[in-house]
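> Quick one: sequence and predicted model below, then my questions.
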Amino acid sequence: MSSHLLPFTATPPPQIPTKASPLPQHTLSQRTHIPSHIYKHPAAILLELCTSPKELNQIIPQIIKNGLYNETLFQTKLISLFCKYGNLTEASRVFEPIEDKFDALYHTMLKGYAKSSSLDSALSFFSRMKHESVRPVVYNFTYLLKLCGDNSDLKRGKEIHGSVITSGFSWNLFAMTGVVNMYSKCRQINDAYNMFDRMPERDLVCWNTIISGYAQNGFAKVALMLVLRMSEEGHRPDSVTIVSILPAVADIGLLRIGMAVHGYVLRAGFEPLVNVSTALLDMYSKCGSVRFARVIFDGMDHRTVVSWNSMIDGYAQSGDAEGAMLIFQKMLDEGVQPTNVTVMGALRACADLGDLERGKFVHKLVDQLKLDSDVSVMNSLISMYSKCKRVDIAADIFKNLQNKTPVSWNAMILGYAQNGCVNEALNAFCEMHSRNIKPDSFTMVSVIPALAELSTPRQAKWIHGLVIRRFLDKNVFVMTALVDMYAKCGTIHTARKLFDMMNERHVITWNAMIDGYGTHGLGKTAVELFKEMRKGTIKPNDITFLCALSACSHSGLVEEGLCFFDSMKKDYGIEPTMDHYGAMVDLLGRAGRLNQAWDFIQKMPIDPGITVYGAMLGACKIHKNVDLGEKAAFEIFKLNPDDGGYHVLLANIYATASMWDKLAKVRTIMEKSGLQKTPGWSLVEIGNEVHSFHSGTTSHPQSRKIYDYLETLVDEIRAAGYVPDTNSIHDVEDDVKVQLLNTHSEKLAIAFGLLNTSTGTPIHIRKNLRVCGDCHNATKYISLVTRREIIVRDMHRFHHFKDGVCSCGDYW
DNA sequence: CTAGGGTTAG
């Protein structure tokens, strides 16, 4: 294969001689002739055998006692040993007083600095060497380049590369392999390749360097192509090649290629090598075959902690959290010391299981193993506690966490958002913003749903702008979140524009768009889009069908809905869940086919849950059917709902039918069981602020003004034909009933919105419950007399009020 | 003194 197949151009062959030409090296034997009584001295033999700092400290007094401390051999050996044990202070103490320091001593010292000290001290020692006219040798550069690569210090890496050139090592295989590696570790894979390409001779190690470079920089396919090219040029892949390439195979997830590599491993006899087997099992689990991974894992007669970690993570990532915990437990039982990666895998499994108890156990382990200084581990703890619904503990950890990374912020924001703490999520996002920590796609995917929840179009535009400025507007996850957000902010056409602009769409992108049309009452468009999706390559999933069914339900498209429900199992093999059955009952019930809905419930293959009977009860409320309503409510109460909404619904059915004694009974039950109706609230966005209103409250600073305005507004709409619907309120005087109605949170929010925006501006309201009959009617008239468009998003759908009409066609 | 490449991770 020639290099034109690769996405880079080959550089012309170098003009300079092709033979590597290292400078002559100074060796100890060349410099000094050591008499045998010195190098055969017992102390010299002891030094030769020395394996620990402790032993070294025991030998030193003997060296001094025998007057050998000033002998070159002993000085050299001592410096080397101190460097090996990372004790640069002691090494310097031997090194500095030596008068005639020969070059090798400098080289040893530099190695010491490079292996155990900071880049800074290694480099300053290196410049001292230049200053003191020590001729550099190749391995000075290889050590320094490695250090720059490990620290991802491109700037200084380039400086060392410069020194390599000026010192005449440009064509040295070892030095240039170091340069290639440095560039790829600094994520400059193109520079790395350019250097690789110019090398006059390349051996196996050099090929491995560039291959692992591409693999680690996310260019899995290029890495694989290079393996082929390397073989064609006569280098047989060794175990290092295999271990480098397997993560790349895992990345692209091609099991077929992975198995081919496995075959090669068997033929080459690399299987007994732990790192090869570990990389293989990791590849299998990432390519979707945990079972194969497990077979390899079980067949290993020796495992490292990486093997265990890989296996735990393999289970966790494939969705088998319980399997991950079993391996984790087995690992602890066998006495293998967990690392940070181990606990991160275990915590993820606990999070997936929502298992707080075991999560806390792993947390204790983290403390015992002193892993609490590892930010990644702490981030995993934040995620685990959030997923286990203890966002309070997560927030505590986050607050006390030193050196927070962007990942920490993302984990916290997502934790808040997933626990319904929308304001906390937004506050954290703003704080992150003000600290100048740049949001990435993960941040956006966490924070955008929080804004969608609030339905604030202005903030929606602001975050969209931020997405563009952060160059995240090509990311399919971020764009899907934006489509969903615009739909949930009432700007469905903007959502569609973004949807059409996207080059890549996932199933959730389609779901968001179909659901958006559904909740806006644009059932026909939703159905059209769903049909378009079925023609394409992206397969609908259970959620898609749920969105489609709910869209049909909101628009009264009963036949289409029945047809989709049928096709779901028949054509796509998707088993309906409780939510699908609920959607079907909703579809039939809303359309007034109450008996058919009840029959449908009786024929369900699974025991109907609250969702199903709740849909039935809601339909009975709309169509004023006391009989079936009572039956449905009875079933719901047997299932012990934790919110009082269903009792209220039944009470409303009785009120509409003027069955006051039965209504009183329901109220008594509610009081006895302590069940409460969820308090209603409405939000409206004015400028950069979001204002919330609760029914009957006067806490808003403009409260007086709002109530006054509401009074004149009600007079105006009454004149236009509005009649208050006091049906559901019965035990107070008529004028009080009207007053109570006028303090509903959405009326307050609408009045406030009208007062604080200019003529013609549409008003967006977000309400947590279903909009009530009287408010719905009143809002229609308000839109007529004020000539304003009012968009209300309630618990289930959107209502676009314009010129006295609502988009839901009074069917909600 | 005596060089360069490799596995797990939100």
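That came in fine, so what should we check first? Numbers count the residues shown, from 1 in each chain, chains lettered A, B, ... in the order given.

> where are the low-confidence patches of chain A?
Scanning chain A for pLDDT under 70 picks out the ranges A:1-34, A:727-734.

> Distance of the residue nearest the centre of it relative to DNA strand B?
Centroid check for chain A by C-alpha atoms, centre = their mean gives A:Phe442 as the closest residue, at 5.1 Å. According to C-beta to the nearest atom of the strand, to the nearest Å, A:Phe442 stands 4 Å off from DNA strand B. Any C-beta I mention is one placed from the backbone N, CA and C, and that applies to glycine too.

> repeat for A:Arg766
For A:Arg766, the distance to DNA strand B - C-beta to the nearest atom of the strand - is 28 Å.

> Roughly how far does that residue sit from A:Asp251?
Separation of A:Arg766 from A:Asp251 (C-beta to C-beta, to the nearest Å): 42 Å.

> Same question for A:Glu789.
A:Glu789 is 49 Å from A:Asp251, by C-beta to C-beta.

> is DNA strand B contacted by stretch A:402-411?
Yes - using C-beta under 7 Å from any atom of the strand, stretch A:402-411 comes into contact with DNA strand B via A:Pro406, A:Val407, A:Asn410, A:Ala411.

> cool, and stretch A:295-303?
No - with C-beta under 7 Å from any atom of the strand as the criterion, DNA strand B is not reached by stretch A:295-303; the gap is at least 9.7 Å.

> What residues of that stretch count as buried?
For stretch A:295-303, the neighbour count (16 or more other C-beta atoms under 10 Å) marks A:Ile296, A:Phe297, A:Met300, A:Arg303 as buried.

> Name the residues that touch that stretch?
A:Val274, A:Ser277, A:Thr278, A:Leu280, A:Leu281, A:Tyr284, A:Ser307, A:Met311, A:Val336 (C-beta atoms under 8 Å, 6 or more residues apart in numbering).

> Farthest-apart pair in those residues, please.
A:Tyr284 and A:Val336 (20.9 Å; C-beta to C-beta).

> who's more crowded, the two?
A:Tyr284 (27 against 16; other C-beta atoms under 10 Å).

> just checking, the more buried one touches A:Ser310?
No - here A:Tyr284 does not reach A:Ser310: they are 9.8 Å apart, not a contact under C-beta atoms under 8 Å.

> Next one: stretch A:216-227, is it in contact with DNA strand B?
Yes - shown here: stretch A:216-227 in contact with DNA strand B (C-beta under 7 Å from any atom of the strand) through A:Gln216.

> Tell me which residues of that stretch come out buried.
By 16+ other C-beta under 10 Å, the buried positions in stretch A:216-227 come out as A:Gln216, A:Asn217, A:Phe219, A:Ala220, A:Val222, A:Ala223, A:Leu224, A:Met225, A:Leu226, A:Val227.

> Take that stretch, keep the C-alpha atoms, and write them as CSV.
Backbone C-alpha positions of stretch A:216-227 (Å, rounded to 0.1, in the frame of the first residue of the first chain) are rendered in CSV as follows:
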residue,chain,number,x,y,z
GLN,A,216,-4.7,7.4,21.0
ASN,A,217,-5.7,10.5,19.0
GLY,A,218,-8.9,9.0,17.9
PHE,A,219,-8.0,8.0,14.4
ALA,A,220,-8.7,4.4,14.7
LYS,A,221,-9.0,3.6,11.0
VAL,A,222,-5.7,5.3,10.1
ALA,A,223,-4.1,3.3,12.9
LEU,A,224,-5.4,0.1,11.4
MET,A,225,-4.3,1.1,7.9
LEU,A,226,-0.9,1.7,9.2
VAL,A,227,-0.7,-1.8,10.6
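
> did I read that right, A:Glu685 in a strand?
Yes - under DSSP: H, G, I helix; E, B strand; the rest coil, A:Glu685 falls within a strand.

> tell me, how many neighbours does whatever residue of the stretch 251-400 of chain A ends up closest to DNA strand B end up with?
The stretch 251-400 of chain A approaches DNA strand B most closely through A:Asn309 (3.0 Å), counting by C-beta to the nearest atom of the strand. Counted with other C-beta under 10 Å, the neighbours of A:Asn309 add up to 25.

> cool, and A:His493?
10.

> Please report how far it lies from DNA strand B.
If you go by C-beta to the nearest atom of the strand, the gap between A:His493 and DNA strand B works out to 32 Å.

> so who does that residue touch?
Taking C-beta under 8 Å, 6+ apart, one finds nothing in contact with A:His493.

> quick one: the helix or strand containing it to chain centroid distance?
Assessed by DSSP states H and E, A:His493 sits inside helix A:492-501. Computed by C-alpha atoms, centre = their mean, to the nearest Å, the separation of helix A:492-501 from the middle of its chain amounts to 25 Å.

> got the CA positions of it in PDB?
Taking Å, rounded to 0.1, in the frame of the first residue of the first chain, the C-alpha atoms of helix A:492-501 are listed here in PDB:
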ATOM      1  CA  ILE A 492     -42.100  24.700  17.200                       C
ATOM      2  CA  HIS A 493     -41.200  26.200  13.900                       C
ATOM      3  CA  THR A 494     -37.700  27.100  15.100                       C
ATOM      4  CA  ALA A 495     -37.400  23.500  16.300                       C
ATOM      5  CA  ARG A 496     -38.300  22.300  12.800                       C
ATOM      6  CA  LYS A 497     -35.800  24.600  11.200                       C
ATOM      7  CA  LEU A 498     -33.000  23.200  13.300                       C
ATOM      8  CA  PHE A 499     -34.200  19.700  12.700                       C
ATOM      9  CA  ASP A 500     -34.100  20.200   8.900                       C
ATOM     10  CA  MET A 501     -30.600  21.700   9.200                       C
END
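
> buried ones in it?
Quick answer for helix A:492-501 (16+ other C-beta under 10 Å): A:Ile492, A:Thr494, A:Ala495, A:Arg496, A:Leu498, A:Phe499.

> Now that the fourth one has come up, it's in contact with A:Ala512, right?
No - using C-beta under 8 Å, A:Arg496 is not in contact with A:Ala512, being 10.8 Å away.

> what touches both of the two?
Counting by C-beta under 8 Å, 6+ apart, nothing touches both A:Arg496 and A:Ala512.

> what's the spacing between the closest residue to A:Asp579 other than its chain neighbours and A:Lys638?
Once flanking residues are discounted, A:Asp579 sits nearest to A:Leu546: 5.6 Å by C-beta to C-beta, 6 or more residues apart in numbering. According to C-beta to C-beta, A:Leu546 and A:Lys638 sit 25 Å apart.

> more crowded one of those two?
Taking neighbours as other C-beta under 10 Å, A:Leu546 and A:Lys638 compare with A:Leu546 leading, 21 against 10.
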